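In: Fold the stuff below for me.
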Amino acid sequence: MSSDDDLEEDQPRIQQYEEQENEIIDVEAIEQKLEEEIFEERHPRPCQKSTGLAALRNGPIVLPFIELSTYEWNNSRLKAGKTVELRDGSFLKIKTVVQNVQSDALALRGWKLKRTTRLRKYHGIVLRNLNELIFTFQVDLDDPRHYLEQSVVEVALEDVLRIRKLVCTNYPFPKFRFDDELLHTDKPERIAKEKIKDTEVLVARYKITTKFANASARLENVKKANNYSRTQLETLDIGECTIGCVMPVSLQRDLWRGDTVIGGSGIKKMARSAGQAGQPRAYEYVDLSNDDDKAFEEKSKANLTNRPPQAAAKGVQIYTYGDTFTGGGGAMSGAVSAGLKPLFGTDFMPICCETLRINFPDVKVYELWAHEFSVLPGDFHVDILHLSPPCQVWSPVHTRPGKDDDMNFASLFAVEELIKKTRPRMITLEQTFGILHDRFRPAFNALIRMFVDSGYSVSWQVVKFTDFGLAQSRKRLVIVAAGPGETLPKFPAYTHSKNAEIGLKPWTSVRDVLSKVPRNATQHDIRAAASRPLASWHVWDDSSVVSCITTNGGDHNCHPSGKRSLTFRELAALQGFPHEYFFAGSCAKVIKRQIGNAVPPVIAKILFTSVRKHLERVDAAEQHRYRHH
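Out: Below is the predicted model:
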């Protein structure tokens with residue numbers, strides 16, 4: 001099928017950046033500059049009194065305006081549910097027809113759609129096919145109204161070009177599109193495509209929702225393109241689909257990943273012999289989606305002599321977890337704390353794999369590159385998958401080519417194969433916020449496209465770790481994706497704030513963290529930390545947060561007293577690791593790299609807990625519907 005790229009003249013021009021070979025670069029200044037370009041650090045201003053524009057977008061219909069049930073226009077009827085093409089090339093699905101009884105002026109209120117070929121900023125995140133549309137919504141997070149109510153826009157009747165037929169569906173492309181035979185005529189292809197573009201059925205399968213802190217941030221986004229809080233790209237809900245054009249969500253899921261065990265594909269099963277009565281049960285974990293494990297479960301039932309057979313067979317379900325680009329295991333540590341069962345972890349660094357085996361002895365660890373893991377034989381399906389592809393090439397502080405850049409690029413774009421290999425219900429991914437910069441926009445859009453092509457809905461936002469209790473002013477991009485037949489979880493609410501706002505805790509200070517490190521904790525050799533004084537040691541204020549823990553320990557890699565360096569345990573504590581977590585390696589640089597590159601476990605725990613609770617809610621609802629069907 002040929003593309004309609006040639007029909008659009010507003011394709012984005014990708015600016016090329018080149019580094020000067022002998023350029024002297026102030027890394028800190030560059031990071032700050034790019035951070036300001038990507039998003040502004042500002043306190044949201046209170047919403048001002050409604051302007052005409054704000055009232056037009058969100059206000060009720062009051063005199064002198066009235067709502068019309070229908071309006072005759074160009075031998076057709078304009079009414080709720082109809083779709084019109086606008087003169088600017090966009091579309092509107094009508095919610096209501098509005099008339100000003102004083103001036104007789106007419107307007108249409110409804111929801112805006114764009115051709116997928118004309119997304120500009122999000123160029124290429126969905127299939128760019130002829131007559132495929134996408135809903136574009138804007139939502140204020142401080143507005144309690146439904147997103148469909150908030151996202152209504154108003155257009156004047158004179159802006160309407162013609163009425164069009166629109167099919168809204170959650171079926172994947174190409175279901176319900178125009179007949180392909182219309183492209184194969186005796187006329188030139190361009191003429192045939194122009195006619196299809198102007199007259200044939202339109203299909204909408206996706207919606208993209210941009211969420212702002214408040215109305216002020218939304219209105220300012222015209223001038224500041226990244227002044228948003230969160231973005232979601234989703235397949236349409238069942239209630240948003242045209243009647244008769246709905247694919248059952250269970251079918252979506254089954255076609256993607258086969259049978260799905262609702263409630264968690266693993267089971268936390270307590271097994272012990274008859275001679276162990278009165279002793280604490282030992283826990284074993286079984287993957288319910290694995291036939292061999294099912295057989296093991298059946299064989300194990302006889303050993304549970306002090307428990308009814310039915311209860312023993314049922315056990316306690318648990319959601320399974322896979323971790324790729326695992327590094328030192330920060331995300332996996334958080335997953336365990338959140339109540340998930342890790343089945344595997346992958347990383348190409350031997351020292352990281354050693355760390356994983358020490359801390360997670362029951363987890364299968366693969367010392368492989370991502371593309372090597374993707375072609376392994378066997379079933380690696382999990383409920384939740386985490387991805388942390390190498391981010392150095394994207395980082396705002398990465399300004400010169402590195403020796404591993406090609407492999408880092410390849411690892412990032414191995415994401416699609418990892419998704420196909422594991423077919424998870426939910427995916428989380430964290431990256432440096434630098435990938436949102438215009439310099440890397442094509443790569444970011446390509447990354448999102450990898451999820452979308454497999455039927456996933458995707459949400460992304462920049463997260464401030466201080467507002468989740470980490471003693472670092474670190475910001476990261478967090479992506480959450482929900483597989484076919486699944487819904488996106490709500491992003492967890494912030495728990496901390498700088499000024500201890502109502503209902504939130506104050507930021508966690510460096511002093512708070514270091515004061516809780518046990519003196520006898522592992523890898524906490526204070527004497528060794530003071531044995532090699534450095535000129536860079538200095539007294540610094542530990543009453544607030546630290547800027548960042550990086551692979552070399554960061555700017556504050558000495559103790560606040562200025563009398564010694566920070567121990568490995570203190571660095572790990574500032575990164576949110578449990579005090580008993582052990583890092584393999586005899587070289588300080590290697591251990592610090594594992595700590596600095598890790599996803600903070602305390603952040604991962606919050607994220608994975610949110611995902612787990614979401615799955616528990618939707619699975620409980622599905623089980624309830626099944627029982628009462």
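
In: Only C-alpha atoms from now on, for both contacts and neighbour counts.
Out: Noted.

In: So in the chain, which helix runs the longest?
Out: Using DSSP state H, we find that the single longest helix of the chain is helix 601-627.

In: What residues sit buried inside that one?
Out: Residues of helix 601-627 classed as buried: 601-612, 614-616, 618-619 (neighbour count, 16 or more other C-alpha atoms under 10 Å).

In: How about stretch 131-140?
Out: Asn131, Glu132, Leu133, Ile134, Phe135, Thr136, Phe137, Gln138, Val139, Asp140.

In: In JSON lines, list the residues you listed along with secondary structure, distance to Gln232 and pLDDT.
Out: Formatted as JSON lines, those follow (DSSP: H, G, I helix; E, B strand; the rest coil; distance: C-alpha to C-alpha, whole Å; pLDDT from 0 to 100):
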{"residue": "Asn131", "secondary structure": "coil", "distance to Gln232": "22", "pLDDT": "97"}
{"residue": "Glu132", "secondary structure": "strand", "distance to Gln232": "18", "pLDDT": "97"}
{"residue": "Leu133", "secondary structure": "strand", "distance to Gln232": "16", "pLDDT": "98"}
{"residue": "Ile134", "secondary structure": "strand", "distance to Gln232": "12", "pLDDT": "98"}
{"residue": "Phe135", "secondary structure": "strand", "distance to Gln232": "11", "pLDDT": "98"}
{"residue": "Thr136", "secondary structure": "strand", "distance to Gln232": "10", "pLDDT": "96"}
{"residue": "Phe137", "secondary structure": "strand", "distance to Gln232": "10", "pLDDT": "96"}
{"residue": "Gln138", "secondary structure": "strand", "distance to Gln232": "10", "pLDDT": "94"}
{"residue": "Val139", "secondary structure": "strand", "distance to Gln232": "11", "pLDDT": "93"}
{"residue": "Asp140", "secondary structure": "strand", "distance to Gln232": "13", "pLDDT": "91"}
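
In: Mind picking the one among those that's closest to Glu194?
Out: Proximity of those to Glu194 (C-alpha to C-alpha) peaks at Asn131, which lies at 10.4 Å.

In: How about the closest one: what's its closest non-neighbour residue?
Out: Spatial nearest neighbour of Asn131, chain neighbours left out: Leu202 (4.9 Å); criterion: C-alpha to C-alpha, 6 or more residues apart in numbering.

In: The one you found: neighbouring residues, count only.
Out: Neighbours of Leu202 under the rule other C-alpha atoms under 10 Å: 22.

In: and it, what is it in contact with?
Out: Shown in contact with Leu202 (C-alpha atoms under 8 Å, 6 or more residues apart in numbering): Asn131, Glu132, Leu133, Arg164, Lys165, Leu166, Val167, Arg177, Phe178.

In: what's the distance between it and Ala192?
Out: Remark: distance between Leu202 and Ala192 (C-alpha to C-alpha, to the nearest Å) = 16 Å.

In: Ok, Phe65 next?
Out: 42 Å.

In: can I assume Pro533 is in contact with Arg564?
Out: Yes: at 6.7 Å, Pro533 and Arg564 qualify as touching, with contact defined as C-alpha atoms under 8 Å.

In: rewinding a little: quick one, grab the pLDDT at the residue nearest to Asn131.
Out: The model reports Leu202 with a pLDDT of 98.

In: With just CA atoms, put stretch 101-118 into CSV.
Out: As requested, the backbone C-alpha atoms of stretch 101-118 are provided in CSV (Å, rounded to 0.1, in the frame of the first residue of the first chain):
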residue,chain,number,x,y,z
VAL,A,101,-30.0,34.4,19.0
GLN,A,102,-28.9,38.0,18.8
SER,A,103,-26.7,37.8,15.7
ASP,A,104,-28.0,34.5,14.3
ALA,A,105,-24.3,33.4,14.0
LEU,A,106,-23.9,29.7,14.1
ALA,A,107,-21.0,27.6,15.5
LEU,A,108,-20.2,24.0,16.0
ARG,A,109,-18.8,22.5,19.2
GLY,A,110,-17.1,19.2,19.2
TRP,A,111,-13.8,17.3,19.2
LYS,A,112,-10.9,18.0,16.9
LEU,A,113,-9.2,15.4,14.8
LYS,A,114,-6.1,15.6,12.5
ARG,A,115,-4.8,13.5,9.8
THR,A,116,-2.0,11.2,11.0
THR,A,117,0.1,12.7,8.2
ARG,A,118,-0.1,16.1,9.8
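
In: one step back: could you check how far the longest helix of the chain is from the centre of its chain?
Out: 16 Å (C-alpha atoms, centre = their mean, to the nearest Å).

In: what mean pLDDT would you report for it?
Out: Helix 601-627 shows a mean pLDDT of 95.

In: For the stretch 251-400 of the chain, which residues score under the pLDDT cut-off?
Out: 269-314, 391-400 (pLDDT under 70).

In: what residue ranges in the stretch 501-629 of the chain are flagged as low confidence?
Out: For the stretch 501-629 of the chain, the stretches with pLDDT under 70 are 549-555.

In: Which two among the buried residues of stretch 131-140 are spaced furthest apart?
Out: Greatest spatial distance among the buried residues of stretch 131-140 (C-alpha to C-alpha): Asn131 and Asp140, at 29.6 Å.

In: returning to that earlier point: Phe65 and Ala192 - which one has more neighbours?
Out: Using other C-alpha under 10 Å, the more surrounded residue of Phe65 and Ala192 is Phe65, with 18 against 15.

In: Which strand residues bridge that one?
Out: Counting by DSSP bridges, Phe65 forms beta bridges with Asn100.

In: isn't it right up against Ser103?
Out: No: taking contacts as C-alpha under 8 Å, Phe65 lies outside contact range of Ser103: 9.7 Å.

In: and Arg162, that's in a strand?
Out: Yes: counting by DSSP: H, G, I helix; E, B strand; the rest coil, Arg162 is part of a strand.

In: gap between it and Gln472?
Out: 54 Å.

In: Same check on Ala338?
Out: Between Ala338 and Gln472 the distance, using C-alpha to C-alpha, works out to 21 Å.

In: Within the helices and strands, which one has Phe373?
Out: Here Phe373 sits within helix 370-374, counting by DSSP states H and E.

In: Past that helix, which element shows up next along the chain?
Out: As assigned by DSSP H and E, the chain's next helix or strand after helix 370-374 is strand 384-387.

In: Now do the helices in the stretch 201-350 of the chain.
Out: Secondary structure of the stretch 201-350 of the chain (DSSP state H, counting those that start in this stretch): helices at 215-220, 249-257, 291-300, 309-314, 330-337, 350-359.

In: same for the first one, what does it pack against?
Out: When contacts are defined as 3 or more C-alpha pairs under 8 Å, 6 or more residues apart in numbering; DSSP states H and E, helix 215-220 packs onto strand 132-140.

In: neighbouring strands for the strand it packs on, and are they parallel or not?
Out: Here strand 132-140 has these sheet partners by DSSP bridges: strand 106-115 (antiparallel), strand 202-212 (parallel).
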